[in-house]
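Participant: Sequence and predicted model, in that order:
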Amino acid sequence: MAGTTGEVGRSVGGRIVDARVIVTCPGRNFVTLKIITEDGVTGVGDATLNGRELAVAAYLTEHVIPVLIGRDSARIEDTWQYLYRGAYWRRGPVTMSAIAAVDTALWDIKGKVAGLPVYQLLGGRSREGVTVYGHANGDTIDNAMAAVAHYVELGYKAVRVQTGVPGLATTYGVSKDTTVAESTERAFRYSYEPADAAIPTEAVWSTQRYLEHVPSVFARARAEFGPHVKLLHDVHHRLTPIEAARLGKSLEPYGLTWMEDPVPADLQEGFRLIRQHTTTPIAVGEVFNTIWDARTLITEQLIDYIRATVVHAGGITHLRRIFDLAALHHVRSGSHGATDLSPVCLAAALHVDIAIPNFGLQEYMRHTDETDAVFPHGYRFADGYLHPSEEPGLGVDIDEVLAAQYPYQPASLPVNRLEDGTMHDW
Ligand code: EZ4
Ligand code: CO
């Protein structure tokens, strides 16, 4: 069939002759797609969907890999459209993570074929380094401040601050036994997300207690660390729009860089109400899969940072499309980068971050030593910035022999209930 496999125009990438899915758990579960061309060039893509890993692995193995074999690896855009339109069933985190993995691996191959790091193919550098933010967590304000101090000493320019809420036993993002070392070093798995939990742990949530507490955390942080460090806070989708508006207003004196995921974003129009009431900037998008999840938010300028990622939003090709739309509307990027996104995703994110005109911030939680060993990579941290690899392609790989030593372990994100037992957004 002319046009679909490279007969029109010479193939510069070679045909795809093999592809496989590698599932490994060097502390957390990661799903990786590896694509191999007839010229022996390999590319990798992250396909990890925390808590639903095997659904994406099966989607790739059963439905995607069979149609990839024989395709021209150089046709990144065409392959994206083929997988997106060809499925008929569009969008959704499983589908889009699978498409993302293919897309990311093909960009890796194209970079290697061209002999250039991927960011050069995206237009080259727009900045010297990628500003990242770290996670300062503490069960108490004192412990959270110690964690902030740790990041400031390491040179971080931006820190996300989360604390326990007095009266609540556990808060997602922090738990009673969260130590400074655990929250700032290479915590292999959040303590509230146990390794052997096929069934989610349950926590109790109180919006009232939370709203009373949070301003005191940032009052303290500003008093201790001064006006220049960028401070961020993640609400984890727990509030209604009017509650989020109140929180945003109460945080205005502390000049936050952003208030993240203030409300569940299923109803994009909900953000209008928050926007009318507060100048605290808003970031959202870590659970977004496509540009359609963000369209109203971006075009109506209801948010300031769009946090979509390479792995969950259709790969480098689609993420670039989202960020380009955002650029038209004064919205900057702020990509999700928790440790449940693999080093393959982080490597890819850095190539996008360094190239786009409207980069804002990149989330960065260090992976475990075991994870870093399974995914050898060339990106590096220095003085608050991450720098993408200068190797051709993404500059990251998977050591399949090592990966095989860490078999998959069932795991789940926790759920939240209100004090009377009602299920709540976490
Ligand atoms: O809850 O990555 O901003 N970061 C976050 C993360 C997410 C997890 C979900 O898998 O909110 O901690
Ligand atoms: Co978040």
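Facilitator: Nice, thanks for sending it over. Numbering: from 1, shown residues only. Ligands and ions are numbered 1, 2, ... in the order given.
Participant: tell me which element Asn289 is part of?
Facilitator: Following DSSP states H and E, there is no helix or strand that holds Asn289.
Participant: Tell me the residues of the stretch 251-400 of the chain that contact ligand 1?
Facilitator: Within reach of ligand 1 by Cβ under 6 Å from any ligand atom, the stretch 251-400 of the chain has these residues: 286, 336, 338, 340, 363. C-beta: built from backbone N, CA, C; applies to glycine.
Participant: filter those residues by proximity to ligand 2?
Facilitator: Glu286 (Cβ under 5 Å from the ion).
Participant: Quick check: PyMOL command selecting the buried ones in the residues of the stretch 251-400 of the chain next to ligand 1.
Facilitator: Buried residues within those, by 16 or more other Cβ atoms under 10 Å, are selected in PyMOL with:
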select buried, resi 286+336+340+363
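Participant: Among the residues of the stretch 251-400 of the chain next to ligand 1, which ones are in helices?
Facilitator: Of these, none are assigned to helices by DSSP state H.
Participant: okay, among the residues of the stretch 251-400 of the chain next to ligand 1, which ones form the most distant pair?
Facilitator: Pairwise distances across those (Cβ to Cβ) peak at 11.4 Å, for the pair Asp340 and Glu363.
Participant: ok and the residue in the stretch 1-150 of the chain nearest ligand 2?
Facilitator: Nearest residue of the stretch 1-150 of the chain to ligand 2: His135, at 9.7 Å (Cβ to the ion).
Participant: quick one: pLDDT of that residue?
Facilitator: At His135, the model reports a pLDDT of 95.
Participant: For it, identify the helix or strand it belongs to.
Facilitator: Going by DSSP H and E, His135 is in strand 130-138.
Participant: number of nearby residues for Ile199?
Facilitator: Look at Ile199: counted by other Cβ atoms under 10 Å, it has 9 neighbours.
Participant: what's the closest non-adjacent residue to it?
Facilitator: Spatial nearest neighbour of Ile199, excluding adjacent residues (Cβ to Cβ, 6 or more residues apart in numbering): Ser412 at 6.5 Å.
Participant: Check Arg246 too.
Facilitator: By the measure of Cβ to Cβ, 6+ apart, the closest residue to Arg246 outside its immediate chain neighbours is Leu211, 6.3 Å from it.
Participant: any residues in contact with both of Asp340 and Glu363?
Facilitator: Shared contacts of Asp340 and Glu363, defined by Cβ atoms under 8 Å, 6 or more residues apart in numbering, are absent.
Participant: Distance across stretch 64-77, terminal residue to terminal residue?
Facilitator: Stretch 64-77 has an end-to-end distance of 16 Å (criterion: Cα to Cα, to the nearest Å).
Participant: picking that back up, right, and the residue nearest to Ile199 touches Glu202 too?
Facilitator: No: contact criterion Cβ atoms under 8 Å: Ser412 and Glu202 do not qualify, at 10.7 Å.
Participant: Start and end of stretch 380-398, how far apart?
Facilitator: From its first residue to its last, stretch 380-398 covers 17 Å (Cα to Cα).
Participant: and that stretch, average pLDDT?
Facilitator: For stretch 380-398, the mean per-residue pLDDT is 98.
Participant: Go through it and flag the buried ones.
Facilitator: 381, 384-386, 388-389, 391-398.
Participant: which one of those is nearest Gln268?
Facilitator: Taking Cβ to Cβ as the measure, Leu386 is the one of these closest to Gln268, at 30.2 Å.
Participant: who's in contact with the closest residue to that closest one other than its chain neighbours?
Facilitator: Leaving out its chain neighbours, the residue that sits closest to Leu386 by Cβ to Cβ, 6+ apart is Val130, at 4.6 Å. The contact partners of Val130, by Cβ under 8 Å, 6+ apart, come to 350, 353-354, 359, 362, 385-388.
Participant: Can you give me the distance of Val130 to ligand 1?
Facilitator: As judged by Cβ to the nearest ligand atom, to the nearest Å, Val130 and ligand 1 stand 16 Å apart.
Participant: in this protein, what secondary structure element scores lowest on mean pLDDT?
Facilitator: Every helix and strand in the chain was compared by mean pLDDT, DSSP states H and E; the lowest is helix 180-184, with a mean of 49.
Participant: Whichever residue of the stretch 201-350 of the chain sits closest to ligand 2 - how many residues pack around it?
Facilitator: Nearest residue of the stretch 201-350 of the chain to ligand 2 (Cβ to the ion) works out as Asp234 at 4.3 Å. Residues near Asp234, counting by other Cβ under 10 Å, number 22.
Participant: ok, for it, nearest residue in space, not its chain neighbours?
Facilitator: Counting by Cβ to Cβ, 6+ apart, Asp234 lies nearest to Glu260, which is 4.2 Å off, once chain neighbours are set aside.
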